[in-house]
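Peer 1: sequence-free structure coming up:
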């Protein structure tokens with residue numbers, strides 16, 4: 001049992017001395033989990049600190065949520081699933097917040113429509129800050145006063161709550177980028193932000209063939225959709241060592257990639273025509289030069305950087321144009337475990353051609369938290385790795401991200417696979 005990767009016990013100041021029934025190893029549980037909780041909760045506020053109160057209200061499309069909502073929803077999660085069930089007499093901060101800030105947990109009660117989150121100007125950002133402080137103090141007291149046995153029962157809820165919050169930290173960034181991209185003045189989230197550069201590697205690496213173990217590594221927290229561990233057959237295939245770059249994508253565009261229907265899945269072609277796609281998301285042509293909206297504002301497209309903000313449909317069309325394929329999620333995981341691909345993490349999520357489906361023998365956890373992953377296993381595609389917006393310590397080899405095929409507002413990219421004819 002361990003806290004989130006990257007957490008430290010250095011800032012744990014609450015517990016003065018061990019409880020009589022504890023030893024030093026058990027004492028570390030309080031210190032580590034208090035530190036992990038504070039670290040993650042603090043990172044949400046750090047990311048929001050770049051935003052004005054007005055920035056935090058906007059919802060630029062139904063798939064996005066206001067920054068204020070992300071801050072409040074992750075706080076409601078701890079209040080709903082940790083404090084209310086485990087703290088006798090706990091005083092709920094505001095009874096109305098359960099309706100406003102529930103997301104899709106039907107078992108937890110009714111909720112405000114997702115598409116209308118941007119219409120909620122009150123509570124304001126400052127009141128959400130007070131809500132977060134109220135819940136943070138209560139969670140701190142709960143952890144501090146728990147016995148060893150009680151703490152071990154609480155840790156799974158705290159852990160999923162922190163991983164859930166890290167997911168929303170990433171969404172806070174991608175959602176505000178989409179909002180800023182609608183602003184004709186091209187505001188920067190962080191004027192000093194720069195896109196990470198991928199490693200300059202070329203060619204394709206052969207995967208080790210045969211039966212491989214896929215899924216939960218058994219080394220720490222995983223979501224239920226990463227289980228159970230199972231076997232997968234990897235046949236002869238080679239994966240692109242590096243990520244596809246803007247240079248390669250510009251060649252695809254220049255060769256009529258967006259105007260050639262034979263490269264596209266039928267649904268993808270219909271979507272591209274309906275939406276007028278001629279380049280990845282956030283690209284704009286000005287005086288014959290391509291610009292890209294980024295977290296640092298509008299920037300010239302750098303051919304050497306990994307391409308990002310494309311849908312599954314575009315990634316699939318590019319692979320067809322290149323005479324290649326998208327890898328399966330199993331192929332990606334085997335390649336990443338073997339260390340034969342560059343930049344699997346930290347730049348762009350990578351589309352695979354695998355549908356988001358349950359692993360063999362999958363069972364959702366019981367109760368409301370069982371709604372977290374399983375009920376979304378339809379009509380979506382798996383992405384692997386992580387992106388520049390993913391918080392430190394949240395990535396792992398077995399992680400399964402998933403989005404609908406038209407989605408472009410995430411930091412999504414790709415690498416290719418090739419097979420013998």
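Peer 2: The structure has been received and is ready for your questions. Computed from a prediction, not measured in an experiment: that's the story for all the values here.
Peer 1: Only C-alpha atoms from now on, for both contacts and neighbour counts.
Peer 2: Will do.
Peer 1: helix or strand for the spatially most central residue of the chain, which one?
Peer 2: In the chain, the residue lying closest to the centroid (CA atoms, centre = their mean) is residue 167, at 4.6 Å. Using DSSP states H and E, residue 167 sits in helix 148-181.
Peer 1: And that helix, how far out from the chain middle?
Peer 2: Counting by CA atoms, centre = their mean, to the nearest Å, helix 148-181 is centred 10 Å from the centre of its parent chain.
Peer 1: Any buried residues in it, and which?
Peer 2: If you call a residue buried by 16 or more other CA atoms under 10 Å, then helix 148-181 has these buried ones: 148, 151, 154-155, 158-181.
Peer 1: And it, what does it pack against?
Peer 2: helix 24-48, helix 67-78 (3 or more CA pairs under 8 Å, 6 or more residues apart in numbering; DSSP states H and E).
Peer 1: and the ones you listed, which one's lowest on average pLDDT?
Peer 2: Per-stretch mean pLDDT for those is lowest at helix 24-48 (a mean of 89).
Peer 1: For that helix, name the packing helices and strands.
Peer 2: helix 67-78, helix 125-145, helix 148-181.
Peer 1: could you say what helices and strands the second one packs with?
Peer 2: Meaning helix 125-145. Judged by 3+ CA pairs under 8 Å, 6+ apart, helix 125-145 is in contact with helix 24-48, helix 67-78.
Peer 1: now the angle from the worst-scoring helix or strand of the chain on mean pLDDT to helix 148-181?
Peer 2: Least confident helix or strand of the chain, by mean pLDDT, DSSP states H and E, is helix 24-48 with a mean of 89. Inter-element angle recorded for helix 24-48 and helix 148-181: 20 degrees (by axes from the mean of the first three to the mean of the last three CA atoms, to 10 degrees).
Peer 1: and helix 24-48, how far from the chain's centre?
Peer 2: Between the centre of helix 24-48 and the centre of its chain there are 20 Å (CA atoms, centre = their mean).
Peer 1: buried stuff in that helix?
Peer 2: 26-27, 29-41, 43-44, 47-48.
Peer 1: Kindly report the same for stretch 410-421.
Peer 2: So, applying 16+ other CA under 10 Å, buried residues of stretch 410-421: 410-418.
Peer 1: now stretch 326-338
Peer 2: 326-336.
Peer 1: Distance to residue 208 for the helices and strands packed on helix 125-145 - can I get that in TSV?
Peer 2: Below are the helices and strands packed on helix 125-145 laid out as TSV (distance: least, CA to CA, whole Å):
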stretch	distance to residue 208
helix 24-48	37
helix 67-78	41
